[in-house]
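# Dropping a prediction and its sequence here:
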Amino acid sequence: MEKVKLKYKIASLLIALLVRTWRIKISGNLPKSNAIVVFWHGKMLPGWYIFRKHNPIGVVSPSKDGEILSYLLSLWNYRLLRGSSNQNSKQLLEEITAEAKNNLIVMTPDGPKGPIYKMKAGALVAAQRANVPIILCGIQSDCSKLFIKSWDRFLLPFPFAKVIINLSAPIFISPALNREEVSMKIEELEMELN
């Protein structure tokens, strides 16, 4: 078990060194708090990195991959909520909703196992209940390795790559929306993030 933890720590430190070499250009305004930021699972590394100075809370799955990410995010000053749409989803939704009222929540809406680029309802429902905006975070890189065999087609920008991050304006979800309208809104946000 200690060897596994050491591997996670080493991997986290190497990633933390890599991201410092990226040339990141941000279009849009970084929210400071009281918002839920979402980006796709496969493009998460730059997304997690840019919010590290805003006292963020990250939503991370309890999986083995989530353990590696947890080590990395702890280096970047994240507090964590552990859970997923597959495990303790109701409790996790309640925690996200409560924390979003006073904090910046950062999460991947297609994680932890996909399907790829398909937004699940959690982020939108939590934003609606907490009366905070969702911020869509699109991420691109000019020079990167795409892991085609991973379910999320994981994108790892190379050292010194140019990374472009596009942040949407705050999107508020009306509490008056019914279930069908919420589903339509999810599809709309999914298309915009794609």
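Structure's in. What do you need?
# Show the subsequent helix or strand relative to the lengthiest strand in the chain.
For the chain, the longest strand by residue count, based on DSSP state E, is strand 134-141. Using DSSP states H and E, the next helix or strand after strand 134-141 towards the C-terminus is strand 144-147.
# Kindly format the C-alpha coordinates of the helix or strand just after that following strand as PDB.
The element immediately downstream of strand 144-147 (helix or strand, assigned by DSSP H and E) is strand 154-157. What follows is strand 154-157, C-alpha atoms only, in PDB (Å, rounded to 0.1, in the frame of the first residue of the first chain):
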ATOM      1  CA  PHE A 154      -7.400  11.900 -22.200                       C
ATOM      2  CA  LEU A 155      -5.500  15.000 -23.500                       C
ATOM      3  CA  LEU A 156      -2.000  15.600 -22.000                       C
ATOM      4  CA  PRO A 157      -0.400  18.800 -23.200                       C
END
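# Name the strands paired with strand 154-157 and say parallel or antiparallel.
strand 144-147 (antiparallel) (DSSP bridges).
# Quick one: list the elements packing against the helix-or-strand element of the chain with minimal mean pLDDT.
Lowest on mean pLDDT, DSSP states H and E among the helices and strands of the chain sits helix 2-19, with a mean of 83. The contact analysis (3 or more C-beta pairs under 8 Å, 6 or more residues apart in numbering; DSSP states H and E) places helix 2-19 against helix 44-50, helix 64-75. Backbone N, C-alpha and C define where each C-beta goes, glycine included.
# Name the next helix or strand downstream of it, please.
strand 23-27.
# Following the chain onward from that next one, which element is next?
strand 35-38.
# Verify the stated contact: residue 159 with residue 15.
No. Using C-beta atoms under 8 Å, residue 159 is not in contact with residue 15; the gap is 11.5 Å.
# So between these two, which is more surrounded?
residue 15 (19 against 11; other C-beta atoms under 10 Å).
# measure the nearest residue to that one once chain neighbours are set aside to residue 9 for me?
Computed as C-beta to C-beta, 6 or more residues apart in numbering, the closest residue to residue 15 that is not its neighbour in sequence is residue 72, at 5.7 Å. Noted for residue 72: a distance of 9 Å to residue 9, by C-beta to C-beta, to the nearest Å.
# more crowded one of these two?
Neighbour count, other C-beta under 10 Å: between residue 72 and residue 9, residue 72 has more, with 23 against 15.
# Next one: the more buried one from residue 60, what distance?
Taken as C-beta to C-beta, the span from residue 72 to residue 60 is 10 Å.
# now the one residue sitting closest to the centre of the chain: how far from residue 15?
In the chain, the residue lying closest to the centroid (C-alpha atoms, centre = their mean) is residue 107, at 3.0 Å. Note on residue 107: its distance to residue 15, by C-beta to C-beta, is 19 Å.
# which SS state does residue 118 fall under?
coil (DSSP: H, G, I helix; E, B strand; the rest coil).
# Might you report the residue contacts of it?
Residue 118 is in contact with 110, 190, counting by C-beta atoms under 8 Å, 6 or more residues apart in numbering.
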